[in-house]
Every structure is written in structure tokens, then in C-alpha cells.
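J.: sharing a model prediction with you, sequence too.
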Amino acid sequence: MSTRNANLKNKTGQGRKVTPTRILFDEPGPKGRRNILIVSAVFIVLLALAIVGGWYQLWWNYQLEPDKWLPFLQPDLLRFFGRGALGTITATLVAAVFTFPLALLLALGRLSKNRVVSLAVGGWVEVFRSLPLLLLVYAFLLAAPRYGLNLPTFWVLVVPMIISCSATTAEVFRAGIQAVPRGQTEAALSLGMSSNQVSWLVVIPQALRLVAPNLLTQLVSLLKDSTLGFVVSYADLMHQGQLYSAQSNSYIQTYALIAVIYVAINIALTQLANRWRAA
């Protein structure tokens, strides 16, 4: 009987190991796998041709000559871009210090049982996560001074970053809080803890661990948002690159270096976040 049941399960597909792939979509059959291989091979060939073609164009236009790249090894030029990188990192970290606590408070406000608070915070979040960051930057750069609000260049960039990113991050925190099992709250309340104690000592610490990967994504988003510093003439990495490329006419080399620096900063942020999660 057991052998018959096992054969039946094999025929009907029951009893197979459940994987995320099986849950999200059906596993492709032989024809589907063959089509996937063909599409993947075509994509790889096209990508290789694009890389070779781009490399050839650079060579044909003398953009790969050593004289074009050697200036970027000069200490003075490295210090010049280093100041820009420091400006980018400073704007990102300062914005993050204000963004994440504000986003957590917004998430708690949206989950508040007070309907007025919940609606007000919900309106704030929906409005500012829908507006482009560039529009907020222009608002603080051009409109705010007309009403007597004159912020330093640094804050003209950072304040819009805080407002915009805190609105989107608030939804991340809200999802994390709601993902904590209800039993955790009930168990804490049964021990005599107050609602505030349950929130800050039980629910929020667990929610932070749940949303840690998304917080890293938001931090990277802040880093990329800081590239709008050139709009307000803030001395970030993009602004320094804009100044140098305009003077030297080395656009490809300059922005290739900037891309490498951004990748290095993102890798460093990822490592830092991984250590924080492991702690």
C-alpha cells in the first residue's frame, strides 16, 4: 500500500520538496529550459558584442591612451576627488542619522490608534514619497528663500533627502512592525508590560532585524540621492567630477573613476551593514 501511495505521489507531483521557486511559479519543462538556455546564450553574445564594440569605439577615438588615464594617479587630483567623496559620504550619513529615526516615528504614527494622527502621518508619507527629490531640492533652493528660509548649501541638499527618504522608509518600518507575530505582543502584555514597553522592547527590536536588508537599500538610495548635490553646487563627488571634466575634457575617464568610487562606497556600506546585522 505504501509503495502504491509513493508511486501515486510521484505521478501527481505530490510529495516533492517545496521550494520558493515552486511556490512563485511552475518549474519549466524540457522545452522551457531549452528556450531559457537559448535566450540566455543570445543575451550573453549580444552583451559581449556591445562590450567589444564599446571598447573598439574608445580605442578608435584615442580614449584608451595612457596619457588620458595617468593624470588620475596624481596625488593632487586624487585629493581633489577625495574631497568630493568625503562630501558625498558626509551628506549620506548625516541624512541617514535623521532619516531612520524620523521614519520609525512616522511608521508608529501611521499605526497609531488615534485616527487624526494616523491620517495626518499617512497624508505626509503619501505626499512626500510621491514627489521627486529634485522637486524638493528646487523648493528649498528657489522657493524657500522667498519666504525667509535661507539654509546653507549642505542643508539645502540634505533636508530634502531626509524628507523624501523618511517617507519611503516609514513604509519599510511599518511593514516590519506588522510582520512581527501578534503572539509576541500578547505574551508581553500578559507579563504586565505596558503598550509602550511592548512597542520599544519587544516589537521594534524584532522589526529592525526583519527590515535590516531594506534599510541597507534605503541607505544606498540616500547615497545615490546625494548626487543631486551638483544642482545646489555642493562639493560632492559628482560636482567635483563636473568641474574637472569641463576643464580637462576627460568625460569618460572622469565618470569612470566616479563610478568606481561609488561602487567602492556601496561595498563598504554593505560590509558595515552586514557587521551590524551580525552583532
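T.: Thanks, I have the structure now. Numbering: from 1, shown residues only.

J.: all helices for this structure, in order.
T.: Along the chain, counting by DSSP state H, helices occupy 2-12, 20-24, 30-60, 66-69, 75-110, 115-128, 133-138, 153-179, 182-190, 195-197, 204-225, 237-248, 251-278.

J.: tell me which of those helices lies nearest to residue 231.
T.: helix 133-138 (5.7 Å; C-beta to C-beta). For the C-beta atoms, the positions are set from N, CA and C on the backbone; glycine is no exception.

J.: hey, C-alpha coordinates of stretch 50-63 in CSV?
T.: The C-alpha trace of stretch 50-63 is given here as CSV (Å, rounded to 0.1, in the frame of the first residue of the first chain):
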residue,chain,number,x,y,z
ALA,A,50,28.3,45.5,-27.0
ILE,A,51,31.3,45.4,-24.7
VAL,A,52,33.7,44.7,-27.6
GLY,A,53,32.0,47.4,-29.7
GLY,A,54,32.3,50.0,-26.9
TRP,A,55,35.9,49.1,-26.3
TYR,A,56,36.7,49.5,-30.0
GLN,A,57,35.0,52.9,-30.1
LEU,A,58,37.1,54.0,-27.2
TRP,A,59,40.2,52.8,-28.8
TRP,A,60,39.3,54.3,-32.2
ASN,A,61,38.8,57.7,-30.5
TYR,A,62,42.1,57.5,-28.6
GLN,A,63,40.3,57.3,-25.2
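
J.: looking at the helices of the chain, which is buried most?
T.: The highest mean neighbour count among the helices of the chain, using mean count of other C-beta atoms under 10 Å, belongs to helix 153-179: a mean of 21.

J.: and the pLDDT at residue 259?
T.: On pLDDT, residue 259 comes in at 92.

J.: over to residue 27?
T.: 75.

J.: for the chain, which residue occupies the most central location?
T.: When C-alpha atoms, centre = their mean is applied to the chain, the residue found nearest the centroid is residue 217 (3.0 Å).

J.: that one and residue 113, how far apart?
T.: 30 Å (C-beta to C-beta, to the nearest Å).

J.: what about the closest residue to residue 150 other than its chain neighbours, neighbour count?
T.: Among residues not flanking residue 150 along the chain, residue 144 sits closest, at 7.5 Å (C-beta to C-beta, 6 or more residues apart in numbering). Neighbour count for residue 144, taken as other C-beta atoms under 10 Å: 15.

J.: picking up where we left off before, dump the helices of the chain to JSON lines, plus distance to residue 231.
T.: As requested, the helices of the chain are exported to JSON lines (distance: least, C-beta to C-beta, whole Å):
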{"stretch": "helix 2-12", "distance to residue 231": "61"}
{"stretch": "helix 20-24", "distance to residue 231": "41"}
{"stretch": "helix 30-60", "distance to residue 231": "29"}
{"stretch": "helix 66-69", "distance to residue 231": "28"}
{"stretch": "helix 75-110", "distance to residue 231": "13"}
{"stretch": "helix 115-128", "distance to residue 231": "18"}
{"stretch": "helix 133-138", "distance to residue 231": "6"}
{"stretch": "helix 153-179", "distance to residue 231": "8"}
{"stretch": "helix 182-190", "distance to residue 231": "45"}
{"stretch": "helix 195-197", "distance to residue 231": "42"}
{"stretch": "helix 204-225", "distance to residue 231": "11"}
{"stretch": "helix 237-248", "distance to residue 231": "9"}
{"stretch": "helix 251-278", "distance to residue 231": "16"}
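
J.: not counting residues beside it along the chain, what's closest to residue 237?
T.: residue 84 (4.0 Å).

J.: try residue 174
T.: Among residues not flanking residue 174 along the chain, residue 107 sits closest, at 4.2 Å (C-beta to C-beta, 6+ apart).

J.: got a list of what that neighbour touches?
T.: 170-174, 177 (C-beta atoms under 8 Å, 6 or more residues apart in numbering).

J.: got any ranges where the stretch 151-279 of the chain has weak pLDDT?
T.: Applying pLDDT under 70 to the stretch 151-279 of the chain flags residues 276-279.

J.: surely residue 166 and residue 109 touch.
T.: No - with contacts defined as C-beta atoms under 8 Å, residue 166 does not count as touching residue 109, sitting 11.6 Å away.

J.: distance of residue 38 from residue 222?
T.: For residue 38, the distance to residue 222 - C-beta to C-beta - is 41 Å.

J.: again, but for residue 243
T.: Distance from residue 243 to residue 222, by C-beta to C-beta: 23 Å.
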